[in-house]
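Enquirer: From the sequence below, what's the structure:
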Amino acid sequence: MAPILGADFELFPTRSEITSIPEMGMVFHDRSGTFWNQVDTAFSDETIDEVRSHFGTIDLLFAMYASQNFEFFESRAIGFPVETHRRNLETALRIDPTVVVPASAGFRFGGQHEWLNAFLFPISRERFVGDLRALEPRVDARVVDPGDVLEVTVGGDVLLHVDASPVARTEDHDAERIAFDPTAPVPSLADPNPDGYEPDRLERLAVGLVAGLGEWLATPAARDDQVVRAYREHRVRYRIGLVFPDGTEQRVDVDFGTDPPAFSKTGAQAPEADLVHRIAASAWQAGPNTAEASSRCARTRAGPGPCTSSAATMAESCCRIGLSPTC
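Expert: Take a look at the predicted model:
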C-alpha cells in the first residue's frame, strides 16, 4: 500500500492477512513520533519488518487482542482461541513498541442476546496484558479506557491522560458483563416474534416450508448439490423444527434414504434424526420467501451451522452423526 504524505506527517496503510474482510491498519507518523493502529488486522512478519525498517521504533501500538469467538454461531464451539491469541502476542512482541495497548474491541450483546457475551469474548484486555508481560517482563503494556488520551511526545515518551477526551468518556466500568464463562447456561430457543405475526400466518408457514423444500429437492440443481448428494449417500434423516411464539414446536423430517426424499411430520416418538436445524418461526417468515428460505436451509453444509436466514442468531442447530468433526 502506498503512503499518504502531508506537509508534516505521513500515513502508512498496512495490509491485513485476513482476506475475507477488507480491513487495514494504519501508521501515523510526525515529528513527535510514530503510532500504529492495528485495528482488527493480522500482520505478516514481512509487513512488520517493513514498517520497522521505514519508521524505526514504534512509540505506541494499538494491538489486536480480542479474538472474538464468532465460530460460536456456526457450531456452538466454546474452545479457547489458542492460535489466534498466540499470533496476537507474537505480533506485539515482534513490533516491539515503546507502549502497547490492547484495543479494537468495543461492543457487547444486549437485551435478549446478552447471554452470548459469556461465550464470544474469551480474551480480556487484562489477560492479553498479563500474557504479554509473562513473555516479556520489560514490555510497557497498558489497559486504557474510552475517554483516556495517550500523547506521544518528542523524544519517545508516551503520556497517559486519564478521562481527558472532550468527545468520549467511560460511563460505567462493567467489563465483567463480557467475562468469558464457557460453563454459562444457554437459554432454550424461543420466538419473540418481534414483528407481531399472527398465529395463522405462522401456521401457514409450516405448510409452505415443506412445499418449498420439496419443490427445490426435485430440481436438477438439488440433485447436483454437494450437500444433498452427501445426505443421500449417508441416508440422512434431516429434521427441521419451527419454534412458535407460544412455545410449541412443529417438526418435519426429510428422509434422504428414499428417492425422492420423503417428508413427514414428527412427534415425540419419531425415529432419531441425524441432522437437526431449529429456528424461530417468525425469523423464517422474515426471509424473502418460504421456497427460497427452504432451499437455503437445505443447502446448509453437513455440519452444525444454522439455516442461512435473515435472523441466523435466532437459530439453534445440532448434528448427531459423524459428517462433521465439530459435532
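Enquirer: just checking, Val254 is part of a helix?
Expert: No. Under DSSP: H, G, I helix; E, B strand; the rest coil, Val254 falls outside any helix and is assigned strand.
Enquirer: With adjacent residues omitted, what lies nearest to it?
Expert: Tyr238 (4.4 Å; C-beta to C-beta, 6 or more residues apart in numbering). No exception for glycine: its C-beta is placed from N, CA and C like everyone else's.
Enquirer: And the one you found, how close does it get to Asp224?
Expert: Using C-beta to C-beta, to the nearest Å, we find Tyr238 at a distance of 18 Å from Asp224.
Enquirer: Next: Gly208.
Expert: 25 Å.
Enquirer: higher neighbour count, those two?
Expert: More crowded of Gly208 and Asp224, by other C-beta atoms under 10 Å: Gly208, with 16 against 9.
Enquirer: Give me the secondary structure label for the more buried one.
Expert: helix.
Enquirer: go on, Leu132?
Expert: Going by three-state DSSP: Leu132 is helix.
Enquirer: Give me the pLDDT value at it.
Expert: You'll see Leu132 listed with a pLDDT of 97.
Enquirer: cool, and Gly156?
Expert: Listed pLDDT for Gly156 reads 82.
Enquirer: Also Trp284?
Expert: pLDDT, Trp284: 74.
Enquirer: Just to be sure, it is in a helix?
Expert: Yes. Using three-state DSSP, the assignment for Trp284 is a helix.
Enquirer: Wait, it touches Gly208, no?
Expert: No. Between Trp284 and Gly208 there is no contact under C-beta atoms under 8 Å: 9.4 Å.
Enquirer: Could you tell me which ranges of the stretch 1-150 of the chain sit under the pLDDT cut-off?
Expert: Along the stretch 1-150 of the chain, segments meeting pLDDT under 70 span 1, 74-77.
Enquirer: For it, which segments count as helices?
Expert: 45-55, 72-75, 82-95, 117-120, 125-135 (DSSP state H, counting those that start in this stretch).
Enquirer: Can you check which of the ones you listed gets nearest to Arg177?
Expert: Distance to Arg177, taken as C-beta to C-beta, is lowest for helix 117-120 among the helices of the stretch 1-150 of the chain, at 6.0 Å.
Enquirer: Point out the most buried one among the helices of the stretch 1-150 of the chain.
Expert: Comparing the helices of the stretch 1-150 of the chain by mean neighbour count (mean count of other C-beta atoms under 10 Å), helix 117-120 ranks first with a mean of 20.
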